[in-house]
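*Asks:* Provide a 3D model corresponding to the input given below.
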Amino acid sequence: MNSDVDGRTLLEQPWDVVIVATGGTPAPPRIPGAGLVHDTWDVLAGARRLQGRVMVYDDHGGNQALDAVEALVRGGSTVEVVTPERMLSPDAGSLTASGYFSSFAENGVAVTVLRRMRAVARTPEGLEVEPGVDGSGFREHRAFDAVVAEMGTDPVQELYDEVRDSSTNLGAVDFAELLSRKPSR
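*Replies:* Below is the predicted model:
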């Protein structure tokens, strides 16, 4: 609890049950130039205070990108939110989404749908983003001062991978047994 543990420590102790819950990290875009892209976690935590024209790319569909857009607008940025979906943030509830969209309209946030981010490159004008349309060869090039992406979460799984083969259940959880407090097989 609230301490670092390695696989050796877990395997040497006579534990009755070990639950590995290591969390995750922001998933990066898997495109050329991904190192130039900030994640929404840093924007929301205040670790990145971006200025100027900022593109927020949402390939996740929840509230995270919408929250980042609001934080950027409050910080004085001009924001465009881009998504490969047919609609913005399909997993955000309609009541919640209406508040975001009102805020976006009041703050001049542009919304572009049906564009997948294909690449980012540094140019003398800033960052050049190459959005495209899925199933098409269409590409365009757009300039921004910063790019933020919400791609979901990648699991931190090194510890899980290290101890899985030594576990009695090989990492598979039988939830009925777990909830009934029966020993895992």
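*Asks:* from now on I want contacts and neighbour counts done on CA atoms only, so please keep to that.
*Replies:* Will do.
*Asks:* using the three-state scheme, assign V81.
*Replies:* At V81 the chain is in strand, as set by DSSP: H, G, I helix; E, B strand; the rest coil.
*Asks:* need the pLDDT of it.
*Replies:* The confidence metric pLDDT takes the value 98 at V81.
*Asks:* likewise for N169?
*Replies:* Per-residue pLDDT puts N169 at 84.
*Asks:* residue numbering should commence at 42 henceforth.
*Replies:* Sounds good: first residue 42 from here, last item N210.
*Asks:* and for it, the neighbour number?
*Replies:* 12 (other C-alpha atoms under 10 Å).
*Asks:* again with G178
*Replies:* Number of residues near G178 (other C-alpha under 10 Å) recorded here: 7.
*Asks:* how close does it get to V59?
*Replies:* For G178, the distance to V59 (C-alpha to C-alpha, to the nearest Å) stands at 49 Å.
*Asks:* what segments of the protein are helices?
*Replies:* For the chain, the helices defined by DSSP state H occupy 48-53, 81-86, 105-115, 135-147, 199-205, 216-220.
*Asks:* switch these over to JSON lines; also include mean neighbour count.
*Replies:* Converted to JSON lines, the helices of the chain look like this (neighbours: other C-alpha atoms under 10 Å):
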{"stretch": "helix 48-53", "mean neighbour count": "12"}
{"stretch": "helix 81-86", "mean neighbour count": "18"}
{"stretch": "helix 105-115", "mean neighbour count": "21"}
{"stretch": "helix 135-147", "mean neighbour count": "13"}
{"stretch": "helix 199-205", "mean neighbour count": "15"}
{"stretch": "helix 216-220", "mean neighbour count": "11"}
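*Asks:* of all those, which one is nearest V122?
*Replies:* Nearest to V122 among these is helix 105-115 (7.4 Å), distances taken as C-alpha to C-alpha.
*Asks:* show me what that closest one is packed against.
*Replies:* Here helix 105-115 touches helix 81-86, strand 94-99, strand 119-123, helix 135-147, strand 187-191, going by 3 or more C-alpha pairs under 8 Å, 6 or more residues apart in numbering; DSSP states H and E.
*Asks:* now it and strand 94-99, what's the angle there?
*Replies:* Interaxial angle, helix 105-115 versus strand 94-99 (axes from the mean of the first three to the mean of the last three C-alpha atoms, to 10 degrees): 170 degrees.
*Asks:* can you pull the contacts of V204?
*Replies:* G48, L51, L52 (C-alpha atoms under 8 Å, 6 or more residues apart in numbering).
*Asks:* kindly apply the preceding question to P125 instead.
*Replies:* Contact analysis of P125 by C-alpha under 8 Å, 6+ apart lists D99, D100, V154, L155, R156, R157, M158, V174, D175.
*Asks:* between those residues, which is closest to Y141?
*Replies:* Closest approach to Y141 among these (C-alpha to C-alpha): D99, at 14.2 Å.
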